[in-house]
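Student: Sequence and predicted structure are below.
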Amino acid sequence: MAKTKVPTAVIEAVQKARHLVVFTGAGVSAESGVPTFRDALTGLWSQFDPMQLATPQAFLREPSLVWGWYEWRRQLLLQVKPNPAHRAIAELAQRVPKLTLITQNVDDLHERSGNSEVIHLHGSIFAPRCFDCTRAYQFTDVPQMEQEQEITPPRCEHCQGMIRPGVVWFGEALPEHAMQAAFAAAEDCDCLLSIGTSGMVQPAASIPLVAAQQGATVVHINPEPMHVRGTEEFSLVGLAGVLLPTLLGAML
């Protein structure tokens, strides 16, 4: 099998970056074996479409069903580990003057691989909050579910409202502070790596475009080819867990 190559122009752009932005999507987590949104709809939830479960209305209508599903997903996520792509991104943060990590993933695998500051565009399944007063809630245990089941959500100690998953549901706006920080980083960076994201879902899909418009080198890393515009945008086809360690090795 031929050794995966990273273009010299990409290596030089990352090496010279004053401010590197790394923007990640579901493809990075998939390499750790994280089930996709639809793949998690097994057993008890197999009869539902995500649009029927991942909404505020669904939570209010059937809170035990929705909370049980997210607790099942949290248990699955705790069983997977960061992969070479996650670890390479953490290593990149030690190699460049400034790195901003933006993710659409809710699994906290970036934090578990050593990245302490992550901009979460879609929230985190490990950061629940009160549905009513929005105060943060701290998990005190690890789910122990041998099979899918409904679970009554805990209550907020401040207002007794139901605790909800800390993710962005369909019909909800992305967190404003996270979006502002993400677009500010895209406008300021001189190199952006877009990894494992299809670039189809707005407004997050505009982040690489904003960076390109400001003159940054943009590199897409994806198993499928990505459309590129101009000579400072690249599409590297392959697994992030292979291409990112290769990039790191070339920077030595």
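Tutor: In hand now; what should we look at?
Student: shaky segments in the stretch 151-252 of the chain?
Tutor: Within the stretch 151-252 of the chain, the stretches with pLDDT under 70 are 252.
Student: now the helices: where do they sit in it?
Tutor: Using DSSP state H, counting those that start in this stretch, the helices of the stretch 151-252 of the chain run over 176-188, 206-213, 240-251.
Student: Let's have these in a markdown table, adding distance to Val6.
Tutor: The way it works is simple: take the backbone N, C-alpha and C, and place the C-beta from them, glycine included. Below are these laid out as a markdown table (distance: least, Cβ to Cβ, whole Å):
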| stretch | distance to Val6 |
| --- | --- |
| helix 176-188 | 22 |
| helix 206-213 | 18 |
| helix 240-251 | 5 |
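Student: Mind checking the ones you listed for the one nearest to Val10?
Tutor: helix 240-251 (7.1 Å; Cβ to Cβ).
Student: tell me the domain boundaries of this structure?
Tutor: Domains of the chain are assigned by automatic domain parsing as 1-32+82-123+174-252, 35-79+129-164.
Student: Give me whichever of those domains is most buried.
Tutor: Each of the domains of the chain was assessed for mean neighbour count using mean count of other Cβ atoms under 10 Å. The highest is domain 1-32+82-123+174-252, with a mean of 19.
Student: hmm, back to that, of the helices of the stretch 151-252 of the chain, give the one that comes closest to Gln144.
Tutor: Judging the helices of the stretch 151-252 of the chain by Cβ to Cβ, what sits closest to Gln144 is helix 240-251, at 30.1 Å.
Student: quick one: contacts of the closest one?
Tutor: Counting by Cβ atoms under 8 Å, 6 or more residues apart in numbering, the neighbours of helix 240-251 from elsewhere in the structure are 3-6, 10-11, 14-15, 27-28, 31, 83-85, 88-89, 91-92, 95, 195-196, 221, 236.
Student: And Ala26, what's its pLDDT?
Tutor: pLDDT, Ala26: 89.
Student: Geometric centre of this structure: which residue is closest?
Tutor: Centroid-nearest residue in the chain, with Cα atoms, centre = their mean: Asn105, separated by 2.1 Å.
Student: Not counting sequence-adjacent ones, nearest residue to that residue?
Tutor: Distances taken as Cβ to Cβ, 6 or more residues apart in numbering place Ser29 nearest to Asn105, at 5.0 Å, with adjacent residues excluded.
Student: so what's the spatially closest residue to Thr197 that is not a sequence neighbour up against?
Tutor: Of all residues not flanking Thr197 in the chain, Gly25 sits nearest, at 2.7 Å (Cβ to Cβ, 6+ apart). Neighbour list for Gly25: Thr103, Gln104, Asn105, Ser194, Ile195, Gly196, Thr197, Ser198 [criterion: Cβ under 8 Å, 6+ apart].
Student: which among those residues gets closest to Ala212?
Tutor: Lowest distance from Ala212 to the contacts of Gly25 (Cβ to Cβ) belongs to Ser194, with 10.1 Å.
Student: Just to check, the closest one is in contact with Thr217?
Tutor: No: in this structure, Ser194 is not within contact of Thr217 by Cβ atoms under 8 Å, at 11.3 Å.
Student: quick one on the thing from earlier: now go through the contacts of Gly25 and say which are in strands.
Tutor: Thr103, Ser194, Ile195 (DSSP state E).
Student: just checking, what packs against the longest helix along the chain?
Tutor: Longest helix in the chain, counting residues (DSSP state H): helix 63-78. Other helices and strands packing on helix 63-78, by 3 or more Cβ pairs under 8 Å, 6 or more residues apart in numbering; DSSP states H and E, are helix 50-53, helix 56-61.
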